[in-house]
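Novice: give me a 3D structure for the following:
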Amino acid sequence: MTGAAERLVDRIVEAAVTRAVVGSRGMFHGLGGSSLLDAVGAFFPLTTAKMLAHEAGGTLERKELKIGFVPIACAAPLLLAEPMGFYALQGLRAVLVKTPGWGLVGDLAVGGQCHASHMPAPMPLALTLGLGSRREPMRVMSLQGGNGQAITLHSKHRDRRDPAQWHGMKLAVPFEYSMHNLLLRYYLAEHGLDPDRDVEIRVIPPAWLVAALRSGSIDGYLGPEPFNQRAVHDGVGFIHALSNDLWEGHPCCAVAVSDSFVNENPNTFAALFRAIATATAHAQDPDNRTTIARAIAGAGYLDQPVAVVEQVLTGRFADGLGNARHVPERAVFSAFPWHSMAVWILTQLKRWGYVKGELDYHAVAEEVFLATDARKRLAGLGLAAPERTYAQHRVMGRPFDPARPEAYVRSFAIPRSPPVA
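Specialist: A predicted model of the protein is given here:
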């Protein structure tokens, strides 16, 4: 790389990192030039970013990547990385492939038409285990969002807030191997309902959930944002509960690649991780949420009214019951793929009969969720990196110890029934 080219890369890095880190931070108001860069450097190591950008030049096995996604708010880091330059900073050209649902995302991933995919966190585990499809070993490089889901009911059910009254209801989730399905099942079971016998759970792609609710073909759903808020916006439903009321900080979706992609494209894989991790850190800053909402609300991304996306990302929203609420943690963004979260997901797949027989929870979790690798890469970027890959979690008040997954599965009172075909 020539001296002139190196200086150009440095300027691009400084501009991109400043934009990513600063956003609209009031603390930097009035700073400019070298003073601004010095202040930014306290939050993000510019020297490291420049080094990574220089190293990426000419070493990528593949520079153009097709990335499959479903238009939901959880995909915000993956989406904003394109218009805000995070992919370009790493020498990548991302072609975002918009799909209506995760069935198609899975087909494109297994068929090799997409190099990376935005998936519900349980989906890469299911593909690796061969659940419901041909076995395809997948690797989760990064989580995308946390929380960011809700239980939405049709407006006619305003007086049926007690789940004990939900017998016979038709409820929807956007994909079978999703946190939406697992959390809905958990919620129903904790309220004494067997999700395979007492209600009907249907799989409906995210973009069709509001229409199904409006038509009356379903009574409600546990779905991704912004479709819960869209139901309120359209006057057809209300938010019964946010998913972070069930499990604060739970995973929603992940960025997954095939095992073969990691092995054949190690430098490209590293560059993609850097782009997504820095975009995720940018998305997590509350000061950036309004700008991000405007950037990704358009037809090429979420195709939703800006006001709907803003309510989701800022946590200031109407709930459809006449309340104006402020829940800053309604949507959170964190790249770290906790092994313990993968183990919890596997316990629920086992609990509800998706996984048959013996299961080595920790081996599968550590094979699919690349937490150790992510920790090293995050530290190299100067971003927060947990010291451990396992943590204790609490779901609806019940503690989960990832060291004892089988005991956890057997601790539930609701019988484990085979999933409805």
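Novice: quick one: name whatever helix or strand follows the helix or strand hosting residue 342.
Specialist: Element membership for residue 342, per DSSP states H and E: helix 339-351. As assigned by DSSP H and E, the chain's next helix or strand after helix 339-351 is helix 361-368.
Novice: how near is the one residue sitting closest to the centre of the chain to residue 208?
Specialist: Of all residues in the chain, the one closest to the mean position by CA atoms, centre = their mean is residue 253, 2.7 Å from it. In this view, residue 253 and residue 208 are 18 Å apart by CB to CB, to the nearest Å. For glycine as for every other residue, the C-beta is placed from the backbone atoms N, C-alpha and C.
Novice: residue ranges with poor pLDDT in the protein?
Specialist: Counting by pLDDT under 70, the ranges of the chain that qualify are 1-58, 414-421.
Novice: mind redoing it with 90?
Specialist: 1-58, 132-134, 413-421 (pLDDT under 90).
Novice: list the contacts of residue 109.
Specialist: Residue 109 is in contact with 68, 117, 119, 127, 136, 138, 256, 258, counting by CB atoms under 8 Å, 6 or more residues apart in numbering.
Novice: return the member of those residues nearest to residue 184.
Specialist: residue 119 (18.0 Å; CB to CB).
Novice: that's a strand at that closest one, yeah?
Specialist: Yes - under DSSP: H, G, I helix; E, B strand; the rest coil, residue 119 sits within a strand.
Novice: give me every residue that touches it.
Specialist: Counting by CB under 8 Å, 6+ apart, residue 119 has contacts 102, 105, 106, 109, 253, 254, 255, 256.
Novice: next: residue 376.
Specialist: Taking CB under 8 Å, 6+ apart as the test, what residue 376 contacts is residue 385.
Novice: again with residue 195
Specialist: Contacts of residue 195 by CB under 8 Å, 6+ apart are 184, 185, 188, 189, 201, 352.
Novice: one more: residue 213?
Specialist: 152, 154, 220, 221, 231, 236, 237.
Novice: pick the one among the residues you listed closest to residue 413.
Specialist: Closest to residue 413, out of all of these and judged by CB to CB, is residue 220, at 23.7 Å.
Novice: burial count for the residue nearest to the closest one when sequence neighbours are not counted?
Specialist: Excluding the flanking residues, the one nearest residue 220 by CB to CB, 6 or more residues apart in numbering is residue 153, at 3.8 Å. Residue 153 is flanked by 24 other residues according to other CB atoms under 10 Å.
Novice: still on that earlier bit, who wins on neighbours among the contacts of residue 195?
Specialist: Within these, residue 184 tops the neighbour count with 25 neighbours, counted by other CB under 10 Å.
Novice: so who does that one touch?
Specialist: So residue 184 contacts 151, 171, 173, 195, 201, 222 (CB under 8 Å, 6+ apart).
Novice: adding distance to residue 81 and secondary structure, write those residues out as JSON lines.
Specialist: Shown next, in JSON lines, are these (distance: CB to CB, whole Å; DSSP: H, G, I helix; E, B strand; the rest coil):
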{"residue": "151", "distance to residue 81": "30", "secondary structure": "strand"}
{"residue": "171", "distance to residue 81": "34", "secondary structure": "strand"}
{"residue": "173", "distance to residue 81": "27", "secondary structure": "strand"}
{"residue": "195", "distance to residue 81": "36", "secondary structure": "coil"}
{"residue": "201", "distance to residue 81": "33", "secondary structure": "strand"}
{"residue": "222", "distance to residue 81": "27", "secondary structure": "strand"}
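Novice: out of these, who's nearest residue 324?
Specialist: Using CB to CB, the contacts of residue 184 come closest to residue 324 at residue 151, 19.3 Å.
Novice: which ones are touching that closest one?
Specialist: 184, 187, 220, 221, 222, 239, 240, 241, 243.
Novice: touching, residue 401 and residue 392? I think so.
Specialist: Yes - using CB atoms under 8 Å, residue 401 is in contact with residue 392, at 6.3 Å.
Novice: the two: which is more packed in?
Specialist: residue 401 (13 against 10).
Novice: phi and psi next, for the more buried one.
Specialist: Reported as degrees, to the nearest 10, the phi and psi values for residue 401 are phi -100, psi 110.
Novice: do the same with residue 207
Specialist: Residue torsions, per degrees, to the nearest 10, at residue 207 are phi -70, psi -20.
Novice: same question for residue 116.
Specialist: phi -140, psi 150.
Novice: any idea what it is bridged to?
Specialist: residue 67 (DSSP bridges).
Novice: wait, what's in contact with it?
Specialist: 65, 66, 67, 68, 141, 255, 256, 257, 261, 272.
Novice: if you set the cut-off to 6 Å instead, what comes out?
Specialist: 67, 255, 257 (CB atoms under 6 Å, 6 or more residues apart in numbering).
Novice: of the residues you listed, which is the nearest to residue 382?
Specialist: residue 255 (20.2 Å).
Novice: and for the closest one, the neighbour number?
Specialist: 27.
Novice: that one falls within a strand, correct?
Specialist: Yes - under three-state DSSP, residue 255 sits within a strand.
Novice: my read: it touches residue 141, true?
Specialist: Yes - Residue 255 is in contact with residue 141 according to CB atoms under 6 Å; the separation is 5.5 Å.
Novice: now, the most widely separated pair of the contacts of residue 119?
Specialist: 106 and 255 (14.2 Å).
Novice: just send the contacts of residue 213 back as CSV, with distance to residue 383 and secondary structure too.
Specialist: Shown next, in CSV, are the contacts of residue 213 (distance: CB to CB, whole Å; three-state DSSP):
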residue, distance to residue 383, secondary structure
152, 33, strand
154, 42, strand
220, 37, strand
221, 34, strand
231, 35, helix
236, 40, coil
237, 37, strand
